[in-house]
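Colleague: fold the following, please.
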Amino acid sequence: MVKKKVLVTGGTGFLGKTLTRYLNGLDYEVFSIGSRYWDLRNQNLCDTLLSQVEPDVIVHAAGSVGGIGANQENPGKFMYENMIMGANMIEASRSHKIDKFVLLGTVCAYPKHTPVPFCESELWNGYPEETNAPYGIAKKALMKLVEVYHEQYEMNGACLIPVNMYGPCDHFNLTNSHVIPALILKFYNAMKKREQKVTLWGTGTVSREFLYASDCCEAIELAIQKDVGPEPINVGTGKEITIANLAAEIADQMGFSGEIVYDSSRPDGQPRRCLDIERAKDRLGFEAKTDLQTGLKQTIEWFLGEQK
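Modeller: This next block holds a predicted model:
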């Protein structure tokens, strides 16, 4: 049996690396690329890439991303680069007649005050949270592009909307890390310096939902295999936690016994994030397996092992 050939863009990023390992463990031939050699902002390079690799499936995981601070500093860069890279790859997929295009969207595309749990039908009912709106709008536009390419050209596409991901091999950098790796690094640095206080952004009252990266990879593989249509599909656990409770759990697992304080002059971001995951159950047959406490334990153990 001939293995299905999968091209993973963003292959040097956190999810791209995790997905490449995951698919390599299954019956796929995987080509993983990063921006160092393949600038997806260049349409000609996108065409050259597909001519050379000749994939059956493309999983577009490439993106310019970061936390609240990085989004505030780079709104134009994040919006332009995410839009142009995604649009170029979608058009190249159409022109090269790729069997399947799987787009990874973002929960940041949802309106700021979306009713909880977020249902896919609410995507267009308002403006995203201001601190990451340019990034969210770019990804939302790409999801619509996949949909209209399906309508006009019969391109076979799938759009997944994963919540905040975490896990081993994540990027631990206070400038552009997401919530969990940033918290782990803050507590680690405080303990290393014997500090008794850690200051976190915002109020701690907002909530987020988190998905272990290998669980997300399972959902992506199901989207590769199944005919799910181009409509967006939420991918998450359906469970939310406040930042204060998350920080307390991480501090406890890491053995930090000092004080956690919040700088309310810093932005919180979206008030709540928690997904309706019924469409993922129905169309993908997907339910996340890793609970947050277990996922944090594995992530922290990996991080601490990397510091030795």
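Colleague: drop to CA atoms for contacts and neighbour counts, all remaining ones
Modeller: OK.
Colleague: wait, isn't residue 272 in contact with residue 116?
Modeller: Yes: here residue 272 lies in contact with residue 116, judged by Cα atoms under 8 Å, at a distance of 7.4 Å.
Colleague: neighbour-wise, which of those two wins?
Modeller: Between residue 272 and residue 116, counted using other Cα atoms under 10 Å, the more crowded position is residue 272 (22 against 13).
Colleague: for the more buried one, list the residues it contacts.
Modeller: By Cα atoms under 8 Å, 6 or more residues apart in numbering, residue 272 lies in contact with 116, 206-208.
Colleague: same check, this time on residue 274
Modeller: Each residue near residue 274 by Cα under 8 Å, 6+ apart is listed here: 116-118, 207-209, 238-240.
Colleague: and if you look at residue 188?
Modeller: residue 254.
Colleague: so where does it fall, helix or strand?
Modeller: In this structure, residue 188 is located in helix 179-192 according to DSSP states H and E.
Colleague: for residue 237, same thing?
Modeller: With DSSP H and E as criterion, residue 237 is part of no helix or strand.
Colleague: can you get me a residue count around it?
Modeller: 24.
Colleague: dump the residue contacts of the residue lying closest to it once chain neighbours are set aside.
Modeller: Counting by Cα to Cα, 6 or more residues apart in numbering, residue 237 lies nearest to residue 288, which is 5.6 Å off, once chain neighbours are set aside. Residues near residue 288 by Cα under 8 Å, 6+ apart: 211, 215-216, 236-237.
Colleague: from these, list the buried ones, please.
Modeller: 211, 215-216, 236-237 (16 or more other Cα atoms under 10 Å).
Colleague: what is the nearest of these to residue 137?
Modeller: Residue 137 has its nearest neighbour among the buried ones among the contacts of residue 288 in residue 236, at 20.2 Å by Cα to Cα.
Colleague: doesn't residue 162 make contact with the closest one?
Modeller: Yes: counting by Cα under 8 Å, residue 162 is a contact partner of residue 236 at 6.0 Å.
Colleague: shared neighbours, those two?
Modeller: Joint contacts of residue 236 and residue 162 (Cα under 8 Å, 6+ apart) are 211, 216.
Colleague: now the helices for the chain?
Modeller: Using DSSP state H, the helices of the chain run over 14-24, 43-53, 68-73, 75-95, 133-153, 179-192, 213-225, 243-254, 278-279, 292-306.
Colleague: so for the residue nearest to residue 237, what's the pLDDT?
Modeller: At residue 288, the model reports a pLDDT of 98.
Colleague: same question, residue 202
Modeller: Looking at residue 202, the pLDDT reads 93.
Colleague: if I look at it, how far off is residue 32?
Modeller: Separation of residue 202 from residue 32 (Cα to Cα, to the nearest Å): 37 Å.
Colleague: check residue 192 too.
Modeller: The gap separating residue 192 from residue 32 is 36 Å, by Cα to Cα.
Colleague: ok, residue 184 next?
Modeller: Per Cα to Cα, residue 184 is found 28 Å from residue 32.
Colleague: same question for residue 132.
Modeller: For residue 132, the distance to residue 32 equals 27 Å [Cα to Cα].
Colleague: neighbours of the nearest residue to residue 234 once chain neighbours are set aside, just the number please.
Modeller: Once flanking residues are discounted, residue 234 sits nearest to residue 161: 4.6 Å by Cα to Cα, 6+ apart. By other Cα under 10 Å, 25 other residues sit near residue 161.
Colleague: what of residue 213?
Modeller: So residue 213, with other Cα under 10 Å, has 25 neighbours.
Colleague: again with residue 248
Modeller: Neighbours around residue 248, by other Cα under 10 Å: 16.
Colleague: one more: residue 151?
Modeller: Using other Cα under 10 Å, residue 151 has 12 neighbouring residues.
Colleague: check what pLDDT it gets.
Modeller: With respect to pLDDT, residue 151 scores 98.
Colleague: how far away is it from residue 145?
Modeller: 10 Å.
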